[in-house]
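K.L.:
missing the sequence, but the structure's below:
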């Protein structure tokens, strides 16, 4: 059976299916998928694992010289995972602005270059990188 290519709408479906996640904002008003991390002053606090990045001068499309307009930032577990994604055959990349930060970038318009199953794996790993260890353990079933 042929692999089903990932679609932009898969991002929200995959994120919403993960435990204790919600769509909110981070870094002021950046649309972000968050995972529950703790309660502070009676309010749920989350850590962002997938962000819809706004166009900006730190991520310029080399083909056009203009800021990318459809970028996702996806957290990675560590530098090794980031490097593996960036150096792989897929559409994942990084920019200088993300040096030292465990995350990759991908254009929504290029998600079809990976399968939906691969996108599930990448996003689930991002969730695991940000979720509390106890939640990850419960999600894995032990």
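P.N.:
On my side now, so go ahead. Just so it is clear, the structure is predicted and the values come from calculations on it, not from any experiment.

K.L.:
Would you mind measuring from residue 75 to residue 123?
P.N.:
To residue 123, residue 75 is 9 Å away according to C-beta to C-beta, to the nearest Å. C-betas here are computed from N, CA, C, even on glycine.

K.L.:
Residue 109 now?
P.N.:
From residue 109 to residue 123 the distance is 17 Å (C-beta to C-beta).

K.L.:
Comparing those two, which shows the higher neighbour count?
P.N.:
residue 123 (24 against 13; other C-beta atoms under 10 Å).

K.L.:
does that one sit in a helix, a strand or a coil?
P.N.:
The three-state label given to residue 123 by DSSP: H, G, I helix; E, B strand; the rest coil is helix.

K.L.:
Do I have it right that it meets residue 14?
P.N.:
Yes: using C-beta atoms under 8 Å, residue 123 is in contact with residue 14, at 4.8 Å.

K.L.:
Without its sequence neighbours, what residue ends up closest to the residue positioned nearest the centre of the chain?
P.N.:
With distances taken as C-alpha atoms, centre = their mean, residue 74 lies nearest the centre of the chain, 2.1 Å away. Counting by C-beta to C-beta, 6 or more residues apart in numbering, residue 126 is the residue found nearest to residue 74 once chain neighbours are left out, at 4.9 Å.

K.L.:
picking up where we left off before, quick one, grab the pLDDT at the residue nearest to the centre of the chain.
P.N.:
At residue 74, the predicted lDDT confidence score is 98.

K.L.:
what about it, is that helix, strand or coil?
P.N.:
Relying on three-state DSSP, one would call residue 74 strand.

K.L.:
sorry, back to before: distance-wise, check the residue nearest to residue 74 relative to residue 2.
P.N.:
Applying C-beta to C-beta, the value for residue 126 to residue 2 is 26 Å.
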